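Colleague: sequence first, then the predicted structure:
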Amino acid sequence: SPAQMRSVLLRRHLSGRGLTEAVTFSFLKSEDASRFGGGSELLHLANPISADLNCMRPSLLPNLLQAASRNLNRGIKNIGLFEVGPVFLSPDETGQRTSCALLRQGDAQIADWQQQSREVDIFDIKQDLLSCLSLLGMSTDNLHITREAPDYLHPGRSALFKLGKVSLGMFGELHPQILTDYDIRAPVVVSEFWLDDVPQPRSNGPAKPLLGLSALQPVTRDFAFIVEADLPSVELISSVRRAARDTVTDVRIFDVYQGHGIANGKKSVALAVTLQPQKKSFTEENLTEISGKITSMVAKNCGGVLRGA
């Protein structure tokens, strides 16, 4: 069935992205479970095969970290691991879920005579996660990012993807204390999402909308908005998209500025907005109308005003 094929597709996809599949025990030390939101007495084993494997895992990440630590201690560098398997959140029938976890450490780009090395970062693991969600038939344009990531991730370098009120998966750099606990001395980026929460594509239609290309020339317009310094950029982008859903095909931030000429507590965010005509080319009046809708929506939802207005 499509639901059963998901894990097969994910394994093939992640292997193609250069990650190695790991298959680990479904149980672990209770102290490790506690670090990752588990460790409940109800999930302790009555007769464990080892004192260090006495609790059901609440996440795939602790065992992947153990594997990464063993490899690093043996001189292995540039580690990329993933696992797809069950996790256990409670002892009832709804407590078992299917998870997919990813881990990267080391260089994303290895140095040679043409280029310098580059260490993996949060954006590499974010792209891994987005590619997985897209593979499963999701439109990633509908996702939004919040800072509600778990405590075992770095507080300033982590985030959570949500679809409406449903948490789909988290990504980011592991907390330094967690790395110390696992005897790892280098940054590690991870991601984990729950297959049960990723909505299935509609059975009465294609997983993705039909491709509708226009022969007309797209138009790019730049906007610079003054907003609160702590406003998440995703809210600004979302407001621009909602202002003209059928016309806006891309929104890209190309500059963020704070300093001379910008009030304290504010920032200037510059956006390049791509507008695609459908049936006939835009007139100047059309572009003025669309620009007005965008500035009004940003003012309403984000309290933003055009810089210099």
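Modeller: Sure thing, it's come through. Remember, predicted model here, so these are calculated numbers, not experimental data.

Colleague: how near is P2 to L195?
Modeller: As judged by Cβ to Cβ, to the nearest Å, P2 and L195 stand 12 Å apart. All C-beta spots, glycine's among them, are computed from the backbone N, C-alpha and C.

Colleague: tell me which of these two has more neighbours.
Modeller: Neighbour tally, P2 and L195, criterion other Cβ atoms under 10 Å: the higher count belongs to L195, 18 against 12.

Colleague: please name the bridge partners of the nearest residue to the more buried one once chain neighbours are set aside.
Modeller: Spatial nearest neighbour of L195, excluding adjacent residues (Cβ to Cβ, 6 or more residues apart in numbering): T98 at 4.5 Å. Applying DSSP bridges to T98 gives these bridge partners: P86.

Colleague: can you pull out the helices in this protein?
Modeller: Secondary structure of the chain, counting by DSSP state H: helices at 2-16, 30-35, 61-73, 122-135, 176-181, 233-243, 284-302.

Colleague: any chance of the ones you listed in JSON lines, plus mean pLDDT and distance to G261?
Modeller: Shown next, in JSON lines, are these (pLDDT from 0 to 100; distance: least, Cβ to Cβ, whole Å):
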{"stretch": "helix 2-16", "mean pLDDT": "91", "distance to G261": "46"}
{"stretch": "helix 30-35", "mean pLDDT": "93", "distance to G261": "46"}
{"stretch": "helix 61-73", "mean pLDDT": "95", "distance to G261": "45"}
{"stretch": "helix 122-135", "mean pLDDT": "94", "distance to G261": "30"}
{"stretch": "helix 176-181", "mean pLDDT": "94", "distance to G261": "37"}
{"stretch": "helix 233-243", "mean pLDDT": "90", "distance to G261": "19"}
{"stretch": "helix 284-302", "mean pLDDT": "94", "distance to G261": "20"}
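
Colleague: now these as CSV including distance to L102?
Modeller: Formatted as CSV, those follow (distance: least, Cβ to Cβ, whole Å):
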stretch, distance to L102
helix 2-16, 7
helix 30-35, 18
helix 61-73, 8
helix 122-135, 5
helix 176-181, 16
helix 233-243, 22
helix 284-302, 32
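
Colleague: so which of the ones you listed is nearest L168?
Modeller: Smallest distance to L168 across these (Cβ to Cβ): 6.9 Å, for helix 122-135.

Colleague: for the closest one, what is the distance to the chain centroid?
Modeller: Centroid separation for helix 122-135 versus its chain: 6 Å, with Cα atoms, centre = their mean, to the nearest Å.
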